[in-house]
Every structure is written in structure tokens, then in C-alpha cells.
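A.B. asks: take this sequence and fold it.
(chains A, B, C and D)
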There are 2 protein chains.
Amino acid sequence: MTTAPAGDALIALYPILATLTARTRQRLEARAQFLELPAGTTVFDERQACRGFPFVISGSIRVVKAAPNGRELPLYRVTPGETCIISSACLLGQAPYNARGVTEADTTLLVVPNEDFQALLGEQAFRDFVFQLFSERIADLMQLIEEVAFRKLDQRLAALLLGKGQRLHTTHQQLADELGSVREIVSRLLKGLAEQGLVALSREQIEILDPAGLRRLAGG
Amino acid sequence: MTTAPAGDALIALYPILATLTARTRQRLEARAQFLELPAGTTVFDERQACRGFPFVISGSIRVVKAAPNGRELPLYRVTPGETCIISSACLLGQAPYNARGVTEADTTLLVVPNEDFQALLGEQAFRDFVFQLFSERIADLMQLIEEVAFRKLDQRLAALLLGKGQRLHTTHQQLADELGSVREIVSRLLKGLAEQGLVALSREQIEILDPAGLRRLAGG
DNA sequence: CCGGCTCTGTAACCAAGGTTACAGACGCCC
DNA sequence: GGGCGTCTGTAACCTTGGTTACAGAGCCGG
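C.D. replies: Just a heads-up that it's a prediction; the model follows:
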């Protein structure tokens, strides 16, 4: 049966589930829905009712705010072992989604129906787990608000380039998507960084020459 | 004693506290700190450790993100009966504050120390209460992200003007503060709205002439 | 080797919003 | 009524970021 291996993987990724009572776990395995989604699938979208709580077993979900004109601002990613704060919030508040979730890679999910999620919250350990992730995500969102409201794009770009190793393989378009901007601007800004000797550019590759300088730029 | 009347008011505003066990309540009353703060007091600030969980008894706290250059973006307000999501998140995640809270009017607070807040979370009803407010605030924050990232200022201004009655008494500066912008721009935009016949302007007063038109502008 | 694809570079132009710098208007208190 | 502080109007200018419109470069498969 499909849920058995999924169940094992689930507990490996979400060890907190091991603390559940046997009854809760059985119910969970019986009722949760196992999904295998190809990359690029829209898992949920704005204004849509929340049908369940997703546990990510493999792959990842990119959660974004979509602008009317088609541009997107990434909010966060949900990777295996994490939870989706927006799904939690929607389930808890009986409210529709206010963002979009798209699989970034082929992704396997275990989706727990609303009522079972509420039941899970009856277990102290699980509740604490969700609370904890809530609080981390809130901090991320605050950070994001700060960035979009106050930081200039070159600062955000500099910050984005940092902490991904000394040599990153990516296109300007991907960076633009990550910043919620457009390719031309990223090219322009990267050229600026290159002229300052902070990075070296080549096709689908950016080499970080001066991490300290980038950090200074990002922080100011 | 000072906490007795405060305790009554507290339960009137946060009825969920009435469901606590007698022991928890006693402990709470004994250890919580009663604060009377004049308008304009900074209750907490960025990077500061979170010392306790505030219950607002009267007045209100304006929670803002501060820009390096001194401008501020309002995130939300905490009014009597509500809770502060950032305080919760910081206590839960053992993280420092990532925003600033300032009293808008003279405000009375009951501040529950960290350990007692954790104890409160041991009570199911209280936990549910906090979860619920968490989820509402998340929705607000998502809305805010959408606005600052995608909406133009005239749209945000139009939205701000709506739903406050047909005649609002406020200064351009106050509106600018609410939008995280500056006075000149608000004046300019208001002039535009007036020219379109959407509002009529006079000193410290804005009359809404065409709510439907404003809504159309705000929504597009 | 050629055709087509993706990725990058770049320039001209534009719109939004912010900054600077005043001037006048209104209200209030002495 | 005169002086002062707050509020508003407004114009000139600047920066940021986005849009449009190409051109060339690297790569790959047929």
C-alpha cells in the first residue's frame, strides 16, 4: 500500500509525529492523501479554500505572492520537514489562501484533511512543533517586508548572492524571479557589481570575488 | 492593590482567561507586571530581547518596521482584547524582536513574563486563542506584503481613505505615516483624487465624494 | 556547418516616488 | 492685531526601477 513507505518517510522527516498516540496515527494514515506532483504544479492558489495541511516528503513548494501583472514575489519555500505557515493560518482561521504554492521540483506530499489537522493540534507536541515553525516563518516574513519596503534592489541582490558558495550557477532571470524583479535590471545591477570588482560574470555563472564588500553593500 | 481592578478589566477584554485554572490565574496575577505608559512610549524595539507578553487593557500599540532613514511602515495595531503576533513569535522562538512597538495613546498593559506565557500556552483554550489571532495577523501581513510590493501609492491611499466614514479628520502627514510615505506625495496624490472628483479637501478634513470610484481605484 | 534556442548586454525612454525648497493659509494665544 | 506654529500647495529636480527593443554570444542538435 502506498501510505506505508510514505508513513516511514514522514516520521523520519517529521519526528514529532512519532510522539502521537497510536490512535491518532492510525487515523492519520488512513485518511491522509498521498500526492505525487510534477515540478511546476500549483498546489494551492490565492482565494482558494484550504483543503488540507501538507507535509512535504520530497521536493519543495515555492510560496509566492502574485502581482496582477504576472510578476511574483517569493515568500518562502517549504522543504521536507517544514510546514507551510499559510496553510496553517488558513486552516486555523477558516480563511481562503492568500498566496500561491507551486512545486519547484517533482514533489511528494501527504495532505492531511482539515479535521485531522485540527485533531493533530490536540496533541501538545505537535502543537508546539507548529508554533515553533510559525514563529520562524514570521521572522522570515518580517525580514521580507523590511526588504521590499526599504532596501534597494542592489542591496537585495547582494544579499541574495551571499551564502551560496563562492561560485553560483544560475541565470539572471532566476535571480530576478527570486527578487520579484526583471531580468534587465538584474543584468544592469550585476554589471555594476562587476565594475566594483565584487563579482565576476560569465554565462550562467557568477563568481563572488569580494564577499565582505557584498556584505557591506547588502547591510547598508 | 493595583492588579485587582486590572485583573477584572483583563478578563472582560480577554474572556479566554476566565477559563484558566484557578492556580494559573493566581500565579498570573501575582507575577504579571502592570504598566501605565504615556502616548509615544517605545514598548519594544528591533533586536531587543522579548521580556514578556503584553495584554493591552486600554490604549493601543502601533507596531512598525523602521527604515534606516527614519521612515516607518506600520505593520498592525494591538488594541485591547488583541495580542501581538511578534511578541508571541519572539517568545516562542526565543528570538529578539524584529519590529518596533510604540504606544499610540496613553496605554495600560499587563505584561506576563516569558515563563508564565509558556505556562499559559499549556492551557488549551488560551493556546487556541493565540493561534486564532496568529492566523488573522498572518493574513494581514500577507495583505501588507502585497500592498507594498505591488500596489501603487494612489491605490493604497484610496484604500486607506475608504471605510472610515464619509468625512475623515486627519492631516496629510498622518496619512503619509500610515502608508510609510511622505507628506508631499500624499498631498500630490490627494490633489489628483480631488481633480477626479473622488474627494473634496479642506484643512484637516477629507470628504469622500465617490466611494465607488475610490474602491475601483484601490482594487485595480 | 547551419539554424535555432537560451542567455546576456545595452541603450533609450518612461513612470513612480522621494527630496528640496519655498509660499501661503489657517488657527490660536498673547 | 501681531506673532508663531501647524498644515497645505506646489514646482523643480533626482533616483530607482521597469519597459521596449534590439544585437550578439554561446550552445546544441540535425
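
A.B. asks: and the nearest residue to residue A:205 once chain neighbours are set aside, how far from residue A:154?
C.D. replies: Counting by Cβ to Cβ, 6 or more residues apart in numbering or on different chains, residue A:205 lies nearest to residue A:169, which is 5.5 Å off, once chain neighbours are set aside. Where you see a C-beta, it was placed from the backbone N, CA and C, and this is true even at glycine. Look at residue A:169 and residue A:154: by Cβ to Cβ, to the nearest Å, they are 21 Å apart.

A.B. asks: one more: residue A:178?
C.D. replies: The gap separating residue A:178 from residue A:154 is 14 Å, by Cβ to Cβ.

A.B. asks: hang on, residue A:193 packs against residue A:207?
C.D. replies: No: Residue A:193 is not in contact with residue A:207 according to Cβ atoms under 8 Å; the separation is 11.1 Å.

A.B. asks: which residues are contacting the helix or strand hosting residue A:111?
C.D. replies: Under DSSP states H and E, the secondary-structure element containing residue A:111 is strand A:107-113. Identification of contacts with strand A:107-113 by Cβ atoms under 8 Å, 6 or more residues apart in numbering or on different chains yields A:3, A:6, A:10, A:28, A:31-37, A:39, A:41, A:43, A:51-61, A:120.

A.B. asks: using ChimeraX, define a selection of the buried residues within those.
C.D. replies: Buried members of these, defined by 16 or more other Cβ atoms under 10 Å in any protein chain shown, are picked up in ChimeraX with:
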select /A:3,6,10,28,32,34,35,37,41,43,52,53,54,55,56,57,59,60,61,120
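
A.B. asks: so which residues on chain A come close to chain B?
C.D. replies: Counting by Cβ under 8 Å from any Cβ of the partner chain, chain A comes close to chain B at A:65, A:67-68, A:71, A:73, A:75, A:85-86, A:88-90, A:92-93, A:95, A:98-99, A:121, A:127, A:131-132, A:134-136, A:138-139, A:141-146, A:148-150, A:180, A:220.

A.B. asks: wait, what's in contact with the residue nearest to residue A:199 when sequence neighbours are not counted?
C.D. replies: Counting by Cβ to Cβ, 6+ apart, residue A:199 lies nearest to residue A:193, which is 4.8 Å off, once chain neighbours are set aside. Residues counted as contacts of residue A:193 (Cβ under 8 Å, 6+ apart) are A:154, A:157-158, A:161, A:199, A:214, A:217.

A.B. asks: that older thread, who touches both of residue A:193 and residue A:207?
C.D. replies: Common neighbours of residue A:193 and residue A:207, counting by Cβ under 8 Å, 6+ apart, are residue A:199.

A.B. asks: break chain A down into its domains, please.
C.D. replies: Segmentation of chain A into domains, based on automatic domain parsing, reads A:3-149, A:152-219.

A.B. asks: among those, which is the most enclosed?
C.D. replies: Ranked by mean neighbour count, those are led by domain A:3-149 with a mean of 18 (mean count of other Cβ atoms under 10 Å in any protein chain shown).

A.B. asks: is it anywhere near DNA strand D?
C.D. replies: Yes: applying Cβ under 7 Å from any atom of the strand, one finds domain A:3-149 touching DNA strand D at residue A:69.

A.B. asks: and that domain, how far out from the chain middle?
C.D. replies: Computed by Cα atoms, centre = their mean, to the nearest Å, the separation of domain A:3-149 from the middle of its chain amounts to 10 Å.

A.B. asks: that one - what's its average pLDDT?
C.D. replies: Confidence for domain A:3-149, expressed as mean pLDDT, is 91.

A.B. asks: could you tell me how far the closest residue to residue A:111 other than its chain neighbours is located from chain B?
C.D. replies: The shortest distance from residue A:111 to any residue that is not its chain neighbour, by Cβ to Cβ, 6+ apart, is 4.1 Å, and that residue is residue A:52. Per Cβ to the nearest Cβ, to the nearest Å, residue A:52 is found 16 Å from chain B.

A.B. asks: what does chain A put close to DNA strand C?
C.D. replies: Counting by Cβ under 7 Å from any atom of the strand, chain A comes close to DNA strand C at A:171-173, A:183-184, A:187-188, A:190-191, A:201, A:203-204.

A.B. asks: closest one of these to DNA strand D?
C.D. replies: DNA strand D lies nearest to residue A:184 out of the residues of chain A next to DNA strand C, by Cβ to the nearest atom of the strand, at 4.0 Å.

A.B. asks: check what pLDDT that closest one gets.
C.D. replies: You'll see residue A:184 listed with a pLDDT of 98.

A.B. asks: where exactly do the helices run in chain A?
C.D. replies: Counting by DSSP state H, chain A has helices at residues A:3-13, A:22-31, A:85-93, A:114-121, A:124-150, A:153-161, A:172-179, A:183-195, A:211-219.

A.B. asks: now do the fifth one: which elements does it pack against?
C.D. replies: The reference is to helix A:124-150. Under the contact criterion of 3 or more Cβ pairs under 8 Å, 6 or more residues apart in numbering or on different chains; DSSP states H and E, the helices and strands touching helix A:124-150 comprise strand A:72-78, helix A:85-93, helix A:114-121, strand B:61-66, strand B:72-78, helix B:85-93, helix B:124-150.

A.B. asks: chain center to that helix: distance?
C.D. replies: On the basis of Cα atoms, centre = their mean, the separation between the geometric centre of helix A:124-150 and that of its chain is 12 Å.

A.B. asks: for DNA strand C, see how far away the closest residue to residue A:114 other than its chain neighbours is.
C.D. replies: For residue A:114, ignoring the flanking residues on the chain, the nearest one in space by Cβ to Cβ, 6+ apart is residue A:91 at 5.7 Å. Relative to DNA strand C, residue A:91 is positioned 34 Å away (criterion: Cβ to the nearest atom of the strand, to the nearest Å).

A.B. asks: show me the contacts for residue A:91.
C.D. replies: Residue A:91 makes contact with A:50, A:52-53, A:114, A:117-118 under the criterion Cβ under 8 Å, 6+ apart.

A.B. asks: show me what contacts the residue of chain A most remote from its centre?
C.D. replies: With distances taken as Cα atoms, centre = their mean, the residue sitting farthest from the centre of chain A turns out to be residue A:195, at 32.7 Å. For residue A:195, the set of contacting residues under the criterion of Cβ under 8 Å, 6+ apart is empty.

A.B. asks: alright, I will stop here.
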